[in-house]
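Colleague: coordinates only, sequence not included:
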């Protein structure tokens, strides 16, 4: 069973449709939508501010979701995939976004819908990723607009697949 811990009077709110790995950690002021999954060794730490997840969000293995005390909360929209070992901190991520493996999203970033942050990218504090774009590099910069094929083949596919993967682990 995942480590679910209250902090400062706040307990994570997790619908029964969500799946949590046994060694996932969820702390404090967290509100999850339906059909989310938090994978092995992932940490969602709402100890210092709010973390709000929409529906069908997947937080993959080793990822960390956090925020900044009295400054920034973290909000992830619907159908957001946070790749393995990514760090998402004090930012807003709209619907249908893929945050690639090992990427870093800093405070006050805003990622608009239908976008991709490439694996290993670093979004510096305050960066705004425009709708339907792909950002890569250190520091990250826009590299192109997302094609319909890339959107369907990556963003939508990964979000859908993680709902399926979570079903493999559910108690039947």
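Modeller: Perfect, I can see it now. Quick caveat, the model's predicted, so the values are computed rather than measured.

Colleague: which stretches of the chain form helices?
Modeller: Taking DSSP state H as the test, the helices found in the chain are 148-150, 157-169.

Colleague: distance to residue 63 and mean neighbour count added to those helices, as a markdown table?
Modeller: In this view, the C-beta of every residue, glycine as well, is placed from N, C-alpha and C. Shown next, in a markdown table, are those (distance: least, C-beta to C-beta, whole Å; neighbours: other C-beta atoms under 10 Å):
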| stretch | distance to residue 63 | mean neighbour count |
| --- | --- | --- |
| helix 148-150 | 22 | 11 |
| helix 157-169 | 12 | 15 |
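
Colleague: closest to residue 69 out of the ones you listed?
Modeller: Of all the helices of the chain, helix 157-169 sits nearest to residue 69, with 30.1 Å by C-beta to C-beta.

Colleague: what does the closest one contact?
Modeller: 19, 21, 35, 37, 56, 58, 60, 79-81, 96, 98 (C-beta atoms under 8 Å, 6 or more residues apart in numbering).

Colleague: which among those residues gets closest to residue 143?
Modeller: residue 98 (14.0 Å).

Colleague: mind checking how far that closest one is from residue 70?
Modeller: Look at residue 98 and residue 70: by C-beta to C-beta, to the nearest Å, they are 30 Å apart.

Colleague: ok, these two, which is more surrounded?
Modeller: residue 98 (29 against 7; other C-beta atoms under 10 Å).

Colleague: hmm, the more buried one is touching residue 153, no?
Modeller: No: the pair formed by residue 98 and residue 153 falls short of the contact definition of C-beta atoms under 8 Å, at 10.7 Å.

Colleague: lowest-pLDDT helix or strand in the chain?
Modeller: Confidence across the helices and strands of the chain bottoms out at helix 148-150, with a mean of 93, counting by mean pLDDT, DSSP states H and E.

Colleague: can you name the residues in contact with that one?
Modeller: Outside helix 148-150, the residues that touch it by C-beta under 8 Å, 6+ apart are 116, 134.

Colleague: the residue nearest the centre of the chain bridge partners, please.
Modeller: Geometric centre of the chain, nearest residue: residue 82, 4.0 Å, by C-alpha atoms, centre = their mean. Beta-bridge pairing of residue 82, defined through DSSP bridges, involves residue 59, residue 99.

Colleague: check contacts around it.
Modeller: Contacts of residue 82 (C-beta under 8 Å, 6+ apart): 57-60, 63, 65, 76, 88, 99.

Colleague: how about residue 132?
Modeller: 112-115, 145-146, 151.

Colleague: thanks a lot, see you next time.
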